[in-house]
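Asks: With the sequence up front, the predicted model follows.
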Amino acid sequence: MSNQQSKYHHLSNVHPEAKIHPTAVIEAFATIYKNVEIGENSWIGPGAVIMDGAVIGKNVKIFPGAVISAVPQDLKFEGENTFTEIGDNSVIRECVTINRGTKDRWRTTIGRDCLLMAYVHVAHDCLIGDNCILANGVQMAGHVQMGDWAIMGGTSAIHQFCRVGAHSMTSGGSLVQKDIPPYTKAGREPIAYCGINSVGLHRRGFSNEKVHEIQEIYRHIYLKGMNTTKALDHIELNFPPTKERDEILNFIRNSERGIMKGYRD
């Protein structure tokens with residue numbers, strides 16, 4: 001990677017030691033700090049600020065007003081050399097803020113093909129998978145993990161250390177204080193199970209048989225009157241091993257904050 005001034009607007013502020021691919025475009029009033037890497041064909045919009053520790057992949061678009069890799073809003077942070085990673089083809093819209101990691105995980109990661117809409121905040125040490133969507137105004141506290149293909153509705157707030165499972169969908173305005181298991185829909189107040197994300201699963205190529213299997217697993221967890229431990233043991237004994245079954249079992253058994261509850265009138 002190397003600098004090529006012809007791709008920089010003359011009103012941008014780019015540190016001469018930043019590692020920027022010659023095909024990347026830096027617009028007017030953007031600021032690029034020294035310890036930054038930007039991949040090929042990426043676009044940094046007007047007024048965006050890319051701070052030390054940012055590693056940005058290929059074909060990434062970062063819109064005006066975004067601030068990437070600012071130091072964590074964590075009083076325990078002591079200036080350690082940490083990073084923010086943004087995967088290929090991701091889109092970071094206006095005024096998004098993404099803080100770099102602390103010595104807990106050393107990095108904050110946004111996966112490939114993600115969309116972070118305007119005014120999203122991603123705090124230190126968050127790990128976001130591939131193909132995730134965070135709608136406008138989502139506020140994510142530190143150490144949150146989000147699996148691939150998860151969707152978080154606008155203005156939702158996610159408590160620190162929560163986990164959001166792959167292929168899940170959470171309604172707008174949610175307060176996420178418990179883990180959201182994979183393949184589910186979450187909503188209501190307090191946050192609760194609203195079924196499985198069958199529409200999303202079908203769109204991503206899951207067969208009717210696979211969707212039915214996932215639905216049956218969650219019926220035993222949420223609708224059969226068993227406590228969580230008994231439900232998981234029953235599923236392990238009575239459902240044949242599959243990738244999805246094992247992912248659900250492992251996610252719930254490894255939950256430190258506990259999973260969202262089932263809905264009750």
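Replies: Here it is on my side, so go on.
Asks: what about the strands in the stretch 151-265 of the chain?
Replies: Shown for the stretch 151-265 of the chain, the strands assigned by DSSP state E, counting those that start in this stretch span residues 151-152, 157-158, 163-164, 169-170, 175-176, 184-187, 192-196, 261-262.
Asks: Tell me how far the fifth one lies from the chain's centre.
Replies: Strand 175-176 has its C-alpha centroid displaced from the chain centroid by 15 Å (CA atoms, centre = their mean, to the nearest Å).
Asks: what does the third one give?
Replies: In terms of CA atoms, centre = their mean, the centre of strand 163-164 is found 9 Å from the chain centre.
Asks: isn't residue 89 right next to residue 58, touching?
Replies: Yes. Using CB atoms under 8 Å, residue 89 is in contact with residue 58, at 7.1 Å. C-beta here means a position set from N, CA and C on the backbone, and glycine is covered the same way.
Asks: that older thread, arrange the strands of the stretch 151-265 of the chain in a markdown table, one row each, with distance to residue 14 as further columns.
Replies: Formatted as a markdown table, the strands of the stretch 151-265 of the chain follow (distance: least, CB to CB, whole Å):
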| stretch | distance to residue 14 |
| --- | --- |
| strand 151-152 | 33 |
| strand 157-158 | 33 |
| strand 163-164 | 35 |
| strand 169-170 | 38 |
| strand 175-176 | 38 |
| strand 184-187 | 42 |
| strand 192-196 | 47 |
| strand 261-262 | 50 |
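Asks: And these, which one averages the lowest pLDDT?
Replies: In terms of mean pLDDT, the lowest-scoring of the strands of the stretch 151-265 of the chain is strand 261-262 (a mean of 94).
Asks: That one packs against which elements?
Replies: strand 192-196 (3 or more CB pairs under 8 Å, 6 or more residues apart in numbering; DSSP states H and E).
Asks: for the strand it packs on, packing partners?
Replies: strand 184-187, helix 208-222, strand 261-262.
Asks: Domain parsing of this structure, as residue ranges.
Replies: Following automatic domain parsing, one gets these domains for the chain: 5-143, 201-262.
Asks: Would you point to the one among those domains that's packed deepest?
Replies: domain 5-143 (a mean of 20; mean count of other CB atoms under 10 Å).
Asks: now it, how far from the centre of its chain.
Replies: 13 Å.
Asks: Quick check: closest non-adjacent residue to residue 192.
Replies: residue 263 (4.3 Å; CB to CB, 6 or more residues apart in numbering).
Asks: Dump the domains of the chain to CSV, plus distance to residue 163.
Replies: Formatted as CSV, these follow (distance: least, CB to CB, whole Å):
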stretch, distance to residue 163
domain 5-143, 9
domain 201-262, 7
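Asks: Which of those domains sits closest to residue 171?
Replies: domain 5-143 (10.2 Å; CB to CB).
Asks: these two touch, right, residue 263 and residue 188?
Replies: Yes. The criterion here is CB under 8 Å, and residue 263 meets it with residue 188 at 6.1 Å.
Asks: So for the two, which residues contact both of them?
Replies: Common contact partners of residue 263 and residue 188 (CB atoms under 8 Å, 6 or more residues apart in numbering): residue 194.
Asks: Could I get the full set of helices for the protein?
Replies: 198-203, 208-222, 228-238, 243-253 (DSSP state H).
Asks: Tell me which of these sits nearest to residue 7.
Replies: Among the helices of the chain, helix 198-203 sits nearest to residue 7 (CB to CB), with 36.8 Å.
Asks: For the closest one, name the packing helices and strands.
Replies: helix 208-222.
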